[in-house]
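Visitor: All I have is the shape, not the residue letters:
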């Protein structure tokens, strides 16, 4: 049965993770992600799961990967400085194709920054922070309800593609309280990692079954196989052969790129007739929606595309929007990270304007409205 | 001889391309033989064993053996092993690390795994050097020793891995050399039997990256050094302080009982179940 609750963004992440079947959490204290850790410490032992506070963030994601290899749905939560420490294991999880979820409740950086004021400074770190060329999925909720929904989806995507999935939350979203309608368990669609169907002696752990996502047995299931962060052949053994290395890395990318069409998770508002369109995510998308409504009240044809998935970047949806726009405005609480992606996709179709705020204070609707009035023609 | 052939065929992967990457004279292969014999005698099936390794020469062991194997990141093997053990406590999780792996980059994970008493057998193959990267000094390189990064002699004090493990809370600590191959096998068997965090340090030789610069001419000479500079715990009991000076103790150094992390977690879950039931 559905019921309504007043929840904080971080609490909603806990609810979402548990609803998705997460039964292992390893983490290290850091604000503004602490409430996720607290919630997991309270809930997981009651559900027969495992909560462990590790010695640092590197260890946290290491334990999460180990748990996932043993068959558990597992996650960790952190903020900017801890997220930096996790990059080594994000790269490992990408290469070894281990499903896991990392929540980054972003705080003002760089470095220890302005704890714990809001910022959207970790967009590019979430995409490119880990070493080596690797695919990644990054989700960005803009409300408490979306924290719940997108945490469930983060698990689903990580299981489906056998890849780490990152959830980037603005500090305000992580800490604010909103009414959330909790779905009943039977309403929630869950995805489980592909399991081998053949007997162990026929099993080739990294052979592409045609979906680009190989089946993944858990340790102890009777399928003894090798897992490594070294680039490996179909059997999982390290290789340096060019004819094995390149197909391997291309398959990692193909897992996600083949589904680009399905991953255009964005919501449009007032874009039927708009000529100036805003592209925003997280808390800024909320401020932008208010600014759009106020601009509309003044007779300006302004629309909004709210990004729920940041990477892979929804090129198709953004391109569509550009075709009906004269101007795109990208407001964000950093020096211009998503705007780089927008400009990359734009290729001269329309004018791209940016609005960057790094005071580590929330972007206000008025600031966006002022910018709209400045550039609208 | 027939027994040894049998074990190799049982435990080495048939699908893996050989030979191994270890240099001639390396001690890791001798250790691997002892590990497989000990596992064979332990009664665990291959499906029950999880072998986790770090990065370095010793880290490659996981590639060759037919268990659930995981080759992790440098220094972090114990963190992955922690996640596996807590998720599936019924599995026998063994971690193989090198000296730099375990107590330099992985030093923090090492002491915390010991403190928590996670049910893992941690084996550190200590060859006093970073072999794979070209013979740099490690946290166990003796004072004054020449390595690629201490061309004028090492200025740092070395770690005693066993004392570190004991101080951090390991319930079982033992040391052997690869020269003492039978002792090594017995100690692995004992370590595998312990429920809590057990540490086994294996002194090994790296003639190519360490011996060469250190003035030790061959693997044989280095193994003779292992023979001449160690004393078993049993023998040490009857020797004077003078006779023991400079000798490295081998054998079981610590063997104690303490509740493991997973036992505590299990009883916590049980008590919560009762609470939930009472409501």
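Guide: Ah, there it is. In this text, all values refer to a predicted model and were calculated from it rather than measured experimentally. Numbering: from 1, shown residues only, chains lettered A, B, ... in the order given.
Visitor: And the helices in the stretch 101-250 of chain B?
Guide: B:107-116, B:161-168, B:181-193, B:212-214, B:219-228, B:233-237, B:241-244 (DSSP state H, counting those that start in this stretch).
Visitor: Let me see the contact set for residue 109.
Guide: Just so you know, I chose chain A. With C-beta atoms under 8 Å, 6 or more residues apart in numbering or on different chains as the criterion, the residues that contact residue A:109 are A:80-81, A:119, A:121-122. C-beta: built from backbone N, CA, C; applies to glycine.
Visitor: if you could check chain B rather than the one you did, that'd help
Guide: Contact criterion C-beta under 8 Å, 6+ apart gives A:55, A:59, A:62, B:75-79 as the residues in contact with residue B:109.
Visitor: Next: residue A:6.
Guide: With contact set as C-beta under 8 Å, 6+ apart, residue A:6 has these partners: A:177-180.
Visitor: So which bits of the stretch 51-200 of chain B are right by chain A?
Guide: Residues of the stretch 51-200 of chain B lying close to chain A by C-beta under 8 Å from any C-beta of the partner chain are B:52, B:62-63, B:66-73, B:76, B:79-88, B:90-91, B:108-109, B:112.
Visitor: ok, now how distant is the closest residue in space to residue B:22 that isn't next to it in sequence from chain A?
Guide: In space, not counting the residues next to it along the chain, residue B:22 is nearest to residue B:28; the distance is 5.2 Å by C-beta to C-beta, 6 or more residues apart in numbering or on different chains. The spacing between residue B:28 and chain A, counted by C-beta to the nearest C-beta, to the nearest Å, is 16 Å.
Visitor: Got phi/psi on residue B:28?
Guide: Listed backbone geometry of residue B:28 is phi -60, psi -40, with angles given as degrees, to the nearest 10.
Visitor: okay, now it: neighbour count?
Guide: Applying other C-beta atoms under 10 Å in any protein chain shown, we find 28 residues neighbouring residue B:28.
Visitor: And for the one 4 residues further on?
Guide: Under the neighbour criterion other C-beta under 10 Å, residue B:32 is assigned a count of 22.
Visitor: what are the ranges of the helices in chain A?
Guide: Using DSSP state H, the helices of chain A run over A:9-19, A:34-43, A:57-69, A:80-96, A:123-128, A:144-161, A:171-175, A:242-257, A:282-297, A:315-323, A:338-346, A:365-375.
Visitor: pLDDT (mean, whole number) over the shortest one?
Guide: The average pLDDT within helix A:171-175 is 97.
Visitor: re the thing from before, if I pick the residue nearest to residue B:22, what's in contact with it?
Guide: Residues near residue B:28 by C-beta under 8 Å, 6+ apart: B:22, B:57-58, B:60-61, B:125, B:204.
Visitor: ok, now with 7 Å
Guide: Residues touching residue B:28, when contacts are defined by C-beta atoms under 7 Å, 6 or more residues apart in numbering or on different chains, comprise B:22, B:57-58, B:61, B:125, B:204.
Visitor: Same question for residue A:375.
Guide: Residues A:327, A:329, A:353 are the ones in contact with residue A:375 under the rule C-beta under 7 Å, 6+ apart.
Visitor: And it, how close does it get to chain B?
Guide: The spacing between residue A:375 and chain B, counted by C-beta to the nearest C-beta, is 47 Å.
Visitor: domains in chain A, as residue ranges please.
Guide: Annotated domains of chain A cover A:3-187, A:269-375 [automatic domain parsing].
Visitor: how about a markdown table for the ones you listed, with distance to residue B:134 added?
Guide: Listed next are the domains of chain A as a markdown table, based on distance: least, C-beta to C-beta, whole Å:
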| stretch | distance to residue B:134 |
| --- | --- |
| domain A:3-187 | 21 |
| domain A:269-375 | 37 |
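Visitor: Can you say which of these is packed in most?
Guide: Mean neighbour count, computed with mean count of other C-beta atoms under 10 Å in any protein chain shown, is highest for domain A:3-187 among these, reaching a mean of 23.
Visitor: What parts of chain A come near chain B?
Guide: Among all residues of chain A, those adjacent to chain B (criterion: C-beta under 7 Å from any C-beta of the partner chain) are A:24, A:26, A:45-46, A:48, A:50, A:52, A:54-56, A:58-59, A:62-67, A:69-72, A:74, A:88-89, A:92, A:219-220, A:222, A:224, A:226-230, A:235, A:237-238.
Visitor: Counting neighbours, what do you get for residue 226?
Guide: In the absence of a named chain, this looks at chain A. Here the number of neighbours of residue A:226 (other C-beta under 10 Å) works out to 27.
Visitor: other chain: chain B
Guide: Other residues close to residue B:226 by other C-beta under 10 Å number 19.
Visitor: Could you measure from it over to residue B:250?
Guide: Residue B:226 sits 9 Å away from residue B:250 when distances are taken as C-beta to C-beta, to the nearest Å.
Visitor: List the residues that are in contact with both of these two.
Guide: Residues touching both residue B:226 and residue B:250 (C-beta under 7 Å, 6+ apart) are residue B:177.
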